[in-house]
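Asker: Using only what follows, build the 3D model:
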Amino acid sequence: MKSIKLLLSVVAASTLVVASQSVARADAYGPAGCGLGAMLIGSKPGIMQIFAATTNGIFGNQTFGITSGTLGCGAAASGAVASAKSYVETNRQAFAKDVARGQGETIANLSQLAGCADTTAVAAKLQASFKTVFPTAAVSDVQVSTTTVDLLKSDASLRCSKLI
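Answerer: Here you go, the predicted model:
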């Protein structure tokens, strides 16, 4: 019984330490989602996401993180913003082509996810900002998605109601 209490105390203390760092790394998780696994492993691709998801599952901390806004599960990592970012990251190649052309299915879908009033205006804004969204070929998926969402949020004329 003492060893179980000790183990729970260590887990709780570790969670609090990691949770205190969550504000600085709120968007640093990968497909496994937010939680202790994301705080420990981050957005490293591939099999590392399996370890992150397993860690989240073993400790059952995603629900706690979402409810409390800790473990990288804060407001910026939830809802339509997270959906829009995830969509851009997942569809990056097709999205880049559509942004370069100023039209396409990925832009239409992103506009719908973000609740934007006019897909054509979103497409025009993204096309005009291509060099901002894709400054180099080596820019990370996370940077592309963050820049895209920030761009949509910052232009009130696009009326992207779900990103507010």
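Asker: which residues of the chain score low on pLDDT?
Answerer: Low-confidence segments of the chain, defined by pLDDT under 70: 1-29, 32, 63, 66-69, 72-78.
Asker: any idea how far residue 83 is from residue 116?
Answerer: 13 Å (Cβ to Cβ, to the nearest Å). Every C-beta, even on glycine, is put in place using the N, C-alpha and C of the backbone.
Asker: Next: residue 51.
Answerer: Residue 51 is 24 Å from residue 83, where distance means Cβ to Cβ.
Asker: give me the number of residues near the residue nearest to residue 96 when sequence neighbours are not counted?
Answerer: Nearest residue to residue 96, sequence neighbours excluded (Cβ to Cβ, 6 or more residues apart in numbering): residue 134, at 5.9 Å. Residues near residue 134, counting by other Cβ atoms under 10 Å, number 18.
Asker: what do you get for residue 45?
Answerer: By other Cβ under 10 Å, the residues close to residue 45 number 9.
Asker: Next one: the closest residue to it other than its chain neighbours relative to residue 91, how far apart?
Answerer: Leaving aside its chain neighbours, residue 45 sits nearest to residue 30 (6.6 Å; criterion: Cβ to Cβ, 6+ apart). Distance check for residue 30 against residue 91: by Cβ to Cβ, it reads 16 Å.
Asker: out of those two, which sits in the more crowded spot?
Answerer: residue 30 (21 against 18).
Asker: Touching, residue 83 and residue 113? I think so.
Answerer: Yes. In this structure, residue 83 is within contact of residue 113 by Cβ atoms under 8 Å, at 5.2 Å.
Asker: From the neighbour counts alone, determine which of the two ranks first.
Answerer: Using other Cβ under 10 Å, the more surrounded residue of residue 83 and residue 113 is residue 113, with 20 against 16.
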